[in-house]
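*Asks:* below: sequence and its predicted model.
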Amino acid sequence: MMRNIVLSTTIHACALEELTTQEQALIQEAIRATERSYAPYSNFHVGAAVRLANGTVVTGCNQENAAFPITICAERNALFAAANQHPAEPVSMLAIAARNENGLLTHPISPCGSCRQAMIETEHRYGQTIRILLYGTSVVYVIDGAKALLPLSFEDLE
């Protein structure tokens, strides 16, 4: 018998000043990471910063390539660097910021599907959810866990 499945998510929208000092500092690291982005084709510079359970911060930025499929997003760059450099430390928080030729974006960007799946895999690996901070100059979105961004992940289909 056919039935409906309703999926819902909660995203908290707030001003930067409403966040904790630790959250604000992580967003500032993501903003700084946008300056190290290599994006000559799109001119869309993304930075990400992850805070590990021990307080260590690891950053990443998008790296474009003329052969577009080998481009890497900032989120995966940061998550994979953290896993390589600190394999025993869970990721507790992830901040993402972006800018273009006009400066930092006023509204947050949302991670691509590949990055969402990588976040879910990171949560699965360490057995804990990641607090996600999506930064825009006019609003910050706060999301508790990657499942809110990708409710039907690959992991759920196994």
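*Replies:* All right, it came through fine. None of these values were measured; they are calculated from a predicted model.
*Asks:* what about residue 68, distance to residue 110?
*Replies:* Distance of residue 68 to residue 110, given as CB to CB, to the nearest Å: 20 Å. Where you see a C-beta, it was placed from the backbone N, CA and C, and this is true even at glycine.
*Asks:* so between the two, which is more surrounded?
*Replies:* residue 110 (15 against 9; other CB atoms under 10 Å).
*Asks:* surely the more buried one and residue 149 touch.
*Replies:* Yes: at 7.1 Å, residue 110 and residue 149 qualify as touching, with contact defined as CB atoms under 8 Å.
*Asks:* in the chain, which spans are strands?
*Replies:* In the chain, the strands defined using DSSP state E lie at 12-14, 45-52, 57-61, 91-100, 103-104, 131-135, 140-144.
*Asks:* tell me the phi and psi of residue 138?
*Replies:* phi -100, psi -20 (degrees, to the nearest 10).
*Asks:* just give me the neighbour total for it.
*Replies:* As a burial measure, residue 138 scores 12 neighbours (other CB under 10 Å).
*Asks:* now for the spatially closest residue to it that is not a sequence neighbour, how many residues are close by?
*Replies:* In space, and not counting its chain neighbours, residue 138 is closest to residue 106: 4.5 Å by CB to CB, 6 or more residues apart in numbering. Neighbour count for residue 106, taken as other CB under 10 Å: 10.
*Asks:* over to the one 3 residues further on?
*Replies:* For residue 109, the neighbour count with other CB under 10 Å is 16.
*Asks:* quick check: it touching residue 95?
*Replies:* No: between residue 109 and residue 95 there is no contact under CB under 8 Å: 11.9 Å.
*Asks:* overlap of the contact sets of these two?
*Replies:* Shared contacts of residue 109 and residue 95, defined by CB atoms under 8 Å, 6 or more residues apart in numbering, comprise residue 134.
*Asks:* and the lowest mean pLDDT element among the helices and strands of this structure?
*Replies:* Here the helix or strand of the chain ranked lowest by mean pLDDT, DSSP states H and E is helix 113-126, holding a mean of 95.
*Asks:* that one: how far from the chain's middle?
*Replies:* Averaging C-alpha positions (CA atoms, centre = their mean, to the nearest Å) puts helix 113-126 10 Å from its chain's average.
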